[in-house]
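Undergrad: Return a 3D structure for these sequence lines:
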Amino acid sequence: MTFDPSAAAQPGSGVFGLPHSERDAGVVLVPVPFEATTSYGGGTSRGPEAILDASRQVDLFDVETGRPYEAGIHMLPVPEEIARLDREARAAAEPVIAAGGLVPGRQDLARAVAEVDEACGRVNAWVEERVAGLLARGKTVGLVGGDHSTALGAIAAHARRHPGMGLLHVDAHADLRVAFEGFTYSHASVIYNAAERLPELSRIVQVGLRDLSEEEHAYAAASGGRVVQHHDAPLARARFEGEPWAAQVRRIVEPLPREVYVSFDVDGLDPTLCPHTGTPVPGGLSFQEAAYLIGAVVRSGRRIVGFDLVEVSPGPDGGDWDGNVGARLLYKLIGWALAGR
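TA: Take a look at the predicted model:
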């Protein structure tokens, strides 16, 4: 059967309504339905399925990147092993989160934290092994979370494949906390863990920040330029005073090396675009500002070697708006990654 990219997606078809298998796809998406350490709103474990469902409504021709679908795009099945670990680890984490973290003398909480850390470590190892295997086969790989902690294994696999790689991190939060609430692999610690555990990462550039601790700010300031932060409020003020977004983006991209991994937490966007994400914060990027930033990486002569999209949650009412935005942002990430090749 001849595939018609302009036709309606068939029920039960693959991501973006495409017919590609893992073997013949140039782009492989790894869903990771895990959110054990989520400390505010939940639901991101259902993000991969929400994005998959919404992706079938995305038109495949993109005026900026052309026909990304021609490279072949495939999303792996949601792994039941990871879904099971998520259920078990979330149950273990609940009393710790309810207590506000570890409490002196509470051995039950210490045991629970150890159990959650062990589960998170297994997820990290599974993701890194899966992503590294796909990279070795020449695939462009994107991770679809899940909370932001799920990205660590993918970042690690890409950094080891591309030593000296830079990380463009779009997020409302710096995620530089140390073992937040006692959890070593907290969603609030993913960039700290990447910075501390991956010497292959040469530069981390953070954009959209508007909710961070003084310690996270100090960590970046003490990094010797390895962690560069762009806070939402000063960027917005400069725009109000006449500086165009294009000029700001040139400054954001300039410190990045030639090879770049994009880690995109949807709470980096204006929360009207992702109202059910776990930790929404007023402010943030518009969809077009985010798309321009991603495209500017490639237009500058750099290459997006991999990416993740995390913290999409369909919300308790099962609405599809968050999935819709996530699917369209995912297609932009895929398109620009392919354009840079």
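Undergrad: any chance you could map the strands in the stretch 51-200 of the chain?
TA: Under the criterion DSSP state E, counting those that start in this stretch, the stretch 51-200 of the chain contains strands at 73-75, 140-145, 166-170.
Undergrad: Average pLDDT for the longest one, rounded please.
TA: pLDDT averaged over strand 140-145 equals 98, rounded to a whole number.
Undergrad: elements contacting it?
TA: strand 27-32, helix 47-55, helix 107-136, helix 152-161, strand 303-310, helix 321-339 (3 or more Cβ pairs under 8 Å, 6 or more residues apart in numbering; DSSP states H and E). Backbone N, C-alpha and C define where each C-beta goes, glycine included.
Undergrad: Mind checking the pLDDT average for stretch 182-191?
TA: Stretch 182-191 comes out at a mean pLDDT of 96.
Undergrad: Show the contacting residues for the spatially closest residue to Ile334 that is not a sequence neighbour.
TA: Excluding its sequence neighbours, the residue lying closest to Ile334 (Cβ to Cβ, 6 or more residues apart in numbering) is Pro68, at 5.0 Å. Residues in contact with Pro68 (Cβ atoms under 8 Å, 6 or more residues apart in numbering) are Val27, Leu60, Asp62, Tyr331, Ile334, Gly335, Leu338.
Undergrad: Next, the contact list for the spatially closest residue to the third one that is not a sequence neighbour, please.
TA: So that's Asp62. Closest residue to Asp62 in three dimensions, ignoring its sequence neighbours and counting by Cβ to Cβ, 6+ apart: Gly335, at 5.2 Å. Gly335 makes contact with Asp62, Glu64, Thr65, Gly66, Pro68 under the criterion Cβ under 8 Å, 6+ apart.
Undergrad: correct me, but the first one touches Leu333?
TA: Just to be clear, that refers to Asp62. No - the pair Asp62 / Leu333 is not scored as a contact, 11.4 Å apart, by Cβ atoms under 8 Å.
Undergrad: Same drill for those two, tell me which one is more crowded.
TA: With neighbours defined as other Cβ atoms under 10 Å, Asp62 and Leu333 compare such that Leu333 has more, 25 against 19.
Undergrad: Tell me what the closest residue to the more buried one other than its chain neighbours is bridged to.
TA: Closest residue to Leu333 apart from its sequence neighbours, by Cβ to Cβ, 6+ apart: Phe307 at 4.7 Å. Note on Phe307: beta-bridge partners by DSSP bridges are Gly142, Val262.
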